[in-house]
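Trainee: Here is a sequence together with a model predicted from it:
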Amino acid sequence: SIGWTTRTYANADAISYPNSLRVKLIGFDSKRDASVFPRDEWRIQGILPDADGVAVSKGLAALFEVGVGDIITVSLRTPSGSLNAATLEIMGIYSIGNPLLDGTGILVPKPLMAQLLDSEHVSHVSLRLSSRNQTVGVAQELKERYGATVDVVTWIDATKELLELQEVRQQSLNFLVFILLGIAGLGIANTILMAAFERMREIGTLRAMGMTRRRVLSMFLIEGGMIGILGGFFGSVLGAVPIYWWAMNPIDMSPMLEEKRAGNFPVSVFLYTEFSWLVVVGSFGFGVLVAVLSSIYPSFVATRMSPAEAVRAD
């Protein structure tokens, strides 16, 4: 694995007079947490505390109308059942791209979380692997090693229903793409066919001047190939550039989710596209192939006509 870290999750009451709200405390290890949960896309006003103080989510800060330097009181029950409370300084306000935690979450340093819970125990150990393909193997190894003493939950388990929905969506999208490619192919074929039939007289003149049928066929195929190469190249580039950009710079969907009030959707609000050279080359090849195939029929029609019939063609 690339890294591991511990986290402790607990429900608590947050109070900032005269407001109170049920929130989720996230006890994190300030030294290890970033190795599993990268900070690249986190937006932090102020700082993430190391020992004292807390960082509250942007949603909670907006509800309580508090900022960096203000105080907030948290109240919770410890594992032993006793009630504990503390008034803490807000060191930072964060937005991490998870609507669930961005709504009512509070990041608490590990030492402070241990004091609040009166316990050193942690509820979660998170692993970050170098490849998602290792997920199943590592999960199986952990289950065999620790048995029923721990619950091993992978990202696949946590998002099972979402992945099933995504599979249905992907199949529908593939069908739609197939229809669009068919429409694009028919458009290319129609353009080449119209251009070919409009040049029958020209072809008849060339045949009367001694051009062979093979030369006429080659002329159509070369022209179709050139159209396919140019169209496929520009189409692939125009499609590949934004896809590559969004693969490196995700689309931030948080404004839309906030507007739709989808704050309990525990998935990142950053939408990445998947850039693939295979798709780029495939789309280019598709354009060239359709253009060349579309040139075959009119070229055979033209070569079967006698020069006199071709010259008289409308």
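Mentor: Right, received. Where do you want to start? Since we're looking at a predicted model, the values are computed, not measured. Residues are numbered from 1 along each chain as shown.

Trainee: Give me the pLDDT value at residue 139.
Mentor: On pLDDT, residue 139 comes in at 88.

Trainee: Quickly find the element holding it.
Mentor: Per DSSP states H and E: residue 139 is located in helix 135-146.

Trainee: ditto for residue 235
Mentor: Per DSSP H and E: helix 213-248 holds residue 235.

Trainee: now swap in residue 113 and tell me
Mentor: With DSSP H and E as the test, residue 113 turns up in helix 110-117.

Trainee: Run through who's touching the helix holding residue 139.
Mentor: Defining contact as CB atoms under 8 Å, 6 or more residues apart in numbering, one finds that helix 135-146 is touched by 1, 127, 129, 150, 152, 154, 155, 156. Any C-beta I mention is one placed from the backbone N, CA and C, and that applies to glycine too.

Trainee: As a markdown table, those residues with distance to residue 205 and pLDDT would be great.
Mentor: What follows is the contacts of helix 135-146, written out as a markdown table (distance: CB to CB, whole Å; pLDDT from 0 to 100):
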| residue | distance to residue 205 | pLDDT |
| --- | --- | --- |
| 1 | 73 | 61 |
| 127 | 74 | 91 |
| 129 | 69 | 89 |
| 150 | 83 | 84 |
| 152 | 77 | 89 |
| 154 | 71 | 85 |
| 155 | 68 | 79 |
| 156 | 67 | 80 |
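
Trainee: Which of the residues you listed fall in strands?
Mentor: residue 127 (DSSP state E).

Trainee: Restricted to helices, list the contacts of helix 135-146.
Mentor: Members of the contacts of helix 135-146 lying in helices (criterion: DSSP state H): 155, 156.

Trainee: Helices of the stretch 151-300 of the chain, start to end?
Mentor: 155-158, 160-197, 200-208, 213-248, 254-260, 277-304 (DSSP state H, counting those that start in this stretch).

Trainee: Which one of those lies nearest to residue 48?
Mentor: Smallest distance to residue 48 across the helices of the stretch 151-300 of the chain (CB to CB): 19.4 Å, for helix 254-260.

Trainee: What mean pLDDT does the closest one get?
Mentor: Averaging pLDDT along helix 254-260 gives 61.

Trainee: before we move on, what about stretch 58-66?
Mentor: 90.

Trainee: From the contacts of helix 135-146, list just the buried residues.
Mentor: Buried members of the contacts of helix 135-146, scored by 16 or more other CB atoms under 10 Å, are 127, 129, 152, 154.

Trainee: Let me know the closest of those residues to residue 161.
Mentor: Of the buried ones among the contacts of helix 135-146, the one sitting nearest to residue 161 (CB to CB) turns out to be residue 154, at 14.1 Å.

Trainee: who are the neighbours in contact with that closest one?
Mentor: Residue 154 neighbours (CB under 8 Å, 6+ apart): 135, 136, 139.

Trainee: residues near residue 112, how many?
Mentor: 20 (other CB atoms under 10 Å).

Trainee: which residue packs closest to the residue nearest in space to the middle of the chain, ignoring adjacent ones?
Mentor: Residue closest to the average C-alpha location in the chain (CA atoms, centre = their mean): residue 272, at 2.7 Å. Leaving aside its sequence neighbours, residue 272 sits nearest to residue 250 (CB to CB, 6 or more residues apart in numbering; 4.8 Å).

Trainee: In terms of distance to residue 182, which of the buried ones among the contacts of helix 135-146 ranks first?
Mentor: The closest of the buried ones among the contacts of helix 135-146 to residue 182 turns out to be residue 154 (CB to CB; 38.4 Å).

Trainee: Would you mind measuring from the closest one to residue 160?
Mentor: 10 Å (CB to CB, to the nearest Å).

Trainee: next one: residue 248
Mentor: From residue 248 to residue 160 the distance is 29 Å (CB to CB).

Trainee: Also residue 100?
Mentor: Applying CB to CB to residue 100 and residue 160 gives a distance of 17 Å.

Trainee: got it, and residue 4?
Mentor: Look at residue 4 and residue 160: by CB to CB, they are 23 Å apart.
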